[in-house]
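Engineer: structure, please.
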Amino acid sequence: MRVLAEEAALQGVPALRFDYAGTGDSAELEPAANQLDVWTQDVVAAVAEMRRRTGVKRVCLLGIRLGTLIAARAANDCAAVSALILIAPLMSGQRYLRELRRTQMASSLRAPPGGSDGTHVTPPGSLEVGRSFLSAATVSALGNADLTIPGASPISDVLVIDRNDLPVAQAWTDGLATRAIRSVYINPAGFVEMVLTAPQFSIVPSAMVTAVQQMLSRLQPPSSSAVPEEPAGHEQPGSGPVSMSLPGVELAPGATVTERPVFFGSQATLFGIVTEPRAGERRRRIVIFVNAGADYHIGANGMYAWLARHWARRGYFVLRMDLAGLGDSGTRPGREANEEFPPAALDDMRAAVELMSSRYGAREITLAGLCSGAYHCLRAAVAGLPLNRVLLINPQNYFWSPGASVKDMQVAELISHPVAFKKRFLSRTTWRKLLEGKLDVRYITRIYLSRLALVLESTVREWARRARIRLPHDLGWEIEDVASRGIRMVFLFSSGAPGLDLLRMQAGGSLERAARQCHIRIVERADHTFIDDNSKAALRRILSQELEARNQWIAAAEGAQLKVG
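Structural biologist: Numbering: from 1, shown residues only. Below you'll find the model as predicted:
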């Protein structure tokens, strides 16, 4: 969506990307609300906002999957909408619901042991699949929805980019010609690689981008080909330090927190959203969230967004940032987008610390992150950034070699796979696959040999630490060093996470020696991204306790000073 918007802007076409209510960066939505109706009105509001800001008279709506249904519905309420671009369109809401239920069933079959404890109950009639929740009212509305363009609609042009693996819209698109609607139908490859894969492996399909560019060229009057001017204060990557803050917006009328988009950095234009507490907050406590994998600044399952708002209500200034090449931040020259472990991440975090310190007069700074974000936060503490605390959620590795790839064998596999292999060893299916040559014996052997090498290396490092011999790239020494500088480290793991065993293996006795500043917390029956409501609540409770543990002592000290004064 970002690439499409940027390409449209280069063609002189203003583009607006937004999040529906209850998703992404937008405010929360009442759980029982009819999301289909609310989200349709969100599109109507977006059209009105685009016209107010730019003065355009005609608007093209672009939607993907469920967004195609919503776009068609919104077009019925907007006379300004004259064109639609529908990517992987949903012809029938009923069919979409069946697809979601199949996905839900498949997910429950392959869910790992130790998932939800059963206390989380989905409201009757609603549907919860992975990260998505549809209320009962939404499910009912979807059951009666289909992709339609009424005869009185002002739509004159439609581009349909169907899936090449499951095409469904050819006949529907052909039928538009009978209503004098100009239509183009294509079904290029690329949808699966774009959507149905982990963010760090996703690929923007060039054929879809080209088709959208061609559609906008046909729609655009010849006189409006000029490229819009760059907003004041926004600099191109590599043009020097950037610091720009947009106006803050209350999440809801009377809300106690405000959110403000910011641009900062130097070698790349970095982007983030600051969630500010109520005006007059005297305690200058800062939390900075770092990307989890290639997820953008809302975090996995929106984790960062709801934690930021929760903590802002308790007096914290929270920045949710995108590292260069991720989310809405620029990509450094010569680097690829979607790098989980960019080599200059430390520079990005330093820029974020400087931004928050200079703008809000920080007295206390916490870095927090999930998975690769946890890795970056630990590296920042080791490198000596001026921090008070790091919150490290489910890290799966503690070192990263330059030039390594997330497609390579990861050290976490050496922890988790042998356990899984052992459980399957007595299975008839496993032995049958082995005899039929369907098991990758070389891969399994490589896992066990690498695991043995890891154990031996960890043993040698522990002996060296006891002899006070400092070896390079030693996690134990790093943790002790960070602790000696008074930085609080909180490692929080879901039960059974490989990162916990890896931490104990690589840090050894240093965890005990640094115990005063190094805390390990575990959330039972949680998955890697804490998708279940119960694990979310436990995560928020534990992190909040750890975040405020030292603050209680600081508050008491400040109170004593005020009393003496």
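
Engineer: you'd agree Val455 is in a helix?
Structural biologist: Yes: judged by DSSP: H, G, I helix; E, B strand; the rest coil, Val455 forms part of a helix.

Engineer: using the three-state scheme, assign the closest residue in space to it that isn't next to it in sequence.
Structural biologist: The shortest distance from Val455 to any non-neighbouring residue, by Cβ to Cβ, 6 or more residues apart in numbering, is to Met505 (7.1 Å). Heads up, the C-betas are built off the backbone N, CA and C, glycines and all. For Met505, the assignment made with three-state DSSP gives helix.

Engineer: distance of Met505 from Glu457?
Structural biologist: 9 Å (Cβ to Cβ, to the nearest Å).

Engineer: which one's more surrounded, those two?
Structural biologist: The neighbour comparison of Met505 against Glu457 (other Cβ atoms under 10 Å) goes to Met505, with 20 against 13.

Engineer: tell me if I'm right that the more buried one and Ser458 touch.
Structural biologist: Yes: with contact defined as Cβ atoms under 8 Å, Met505 counts as touching Ser458 (4.7 Å).

Engineer: low-confidence regions, the stretch 351-500 of the chain specifically.
Structural biologist: Residue ranges of the stretch 351-500 of the chain with pLDDT under 70: 406-409, 414, 416-441, 443.

Engineer: which residues in it form helices?
Structural biologist: Using DSSP state H, counting those that start in this stretch, the helices of the stretch 351-500 of the chain run over 372-383, 411-424, 428-435, 441-466, 475-484, 498-507.

Engineer: residues of the longest one that come out buried?
Structural biologist: For helix 441-466, the buried set under the neighbour-count rule, 16 or more other Cβ atoms under 10 Å, comprises 447, 451, 454, 458, 461-462, 465.

Engineer: ditto for stretch 215-224
Structural biologist: 215-216, 219-220.

Engineer: is it possible to get TSV of those residues that adds distance to Leu500, pLDDT and secondary structure?
Structural biologist: Shown next, in TSV, are the buried residues of stretch 215-224 (distance: Cβ to Cβ, whole Å; pLDDT from 0 to 100; DSSP: H, G, I helix; E, B strand; the rest coil):
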residue	distance to Leu500	pLDDT	secondary structure
Met215	50	96	helix
Leu216	50	96	helix
Leu219	54	92	helix
Gln220	55	84	coil
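
Engineer: turn the residues you listed into JSON lines, including distance to Phe530.
Structural biologist: JSON lines is the format used below for the buried residues of stretch 215-224 (distance: Cβ to Cβ, whole Å):
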{"residue": "Met215", "distance to Phe530": "40"}
{"residue": "Leu216", "distance to Phe530": "40"}
{"residue": "Leu219", "distance to Phe530": "43"}
{"residue": "Gln220", "distance to Phe530": "45"}
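
Engineer: from those residues, which is closest to Glu281?
Structural biologist: Leu216 (44.9 Å; Cβ to Cβ).

Engineer: list the contacts of that closest one.
Structural biologist: Contact partners of Leu216, counting by Cβ atoms under 8 Å, 6 or more residues apart in numbering, are 8, 11, 13, 60.

Engineer: repeat the analysis, applying 10 Å as the threshold.
Structural biologist: Taking Cβ atoms under 10 Å, 6 or more residues apart in numbering, we find Leu216 in contact with 4, 7-8, 11-13, 15, 60, 62, 83, 85, 159.

Engineer: using CSV, lay out those residues together with secondary structure, neighbour count and pLDDT.
Structural biologist: Below are the contacts of Leu216 laid out as CSV (DSSP: H, G, I helix; E, B strand; the rest coil; neighbours: other Cβ atoms under 10 Å; pLDDT from 0 to 100):
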residue, secondary structure, neighbour count, pLDDT
Leu4, helix, 20, 96
Glu7, helix, 16, 95
Ala8, helix, 19, 96
Gln11, coil, 16, 94
Gly12, coil, 15, 93
Val13, coil, 21, 95
Ala15, coil, 20, 97
Cys60, strand, 24, 97
Leu62, strand, 23, 98
Ala83, strand, 22, 97
Ile85, strand, 24, 98
Leu159, strand, 25, 98
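
Engineer: pull up the gap between Asp348 and Cys371, please.
Structural biologist: Distance from Asp348 to Cys371, by Cβ to Cβ: 17 Å.

Engineer: nearest residue to Gln170 in space, please, no chain neighbours.
Structural biologist: Tyr185 (5.9 Å).

Engineer: what of Ile161?
Structural biologist: In space, and not counting its chain neighbours, Ile161 is closest to Ile87: 4.6 Å by Cβ to Cβ, 6+ apart.

Engineer: you'd agree the one you found is up against Val158?
Structural biologist: No: at 11.9 Å, Ile87 does not count as touching Val158 under the criterion of Cβ atoms under 10 Å.

Engineer: secondary structure class for the nearest residue to Gly299 once chain neighbours are set aside?
Structural biologist: Closest residue in space to Gly299, ignoring its immediate chain neighbours: Ala292 at 5.5 Å, by Cβ to Cβ, 6+ apart. Assigned by three-state DSSP, the conformation of Ala292 is coil.

Engineer: would you turn the helices of the stretch 351-500 of the chain into CSV with distance to Val56?
Structural biologist: Listed next are these as CSV, based on distance: least, Cβ to Cβ, whole Å:
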stretch, distance to Val56
helix 372-383, 38
helix 411-424, 49
helix 428-435, 59
helix 441-466, 55
helix 475-484, 53
helix 498-507, 49
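
Engineer: identify the residues contacting the residue nearest to Gln170.
Structural biologist: By Cβ under 10 Å, 6+ apart, the neighbours of Tyr185 are 86, 158-162, 167, 169-174, 176.

Engineer: what is the burial count for Ser510?
Structural biologist: Ser510: 22 neighbours (other Cβ under 10 Å).
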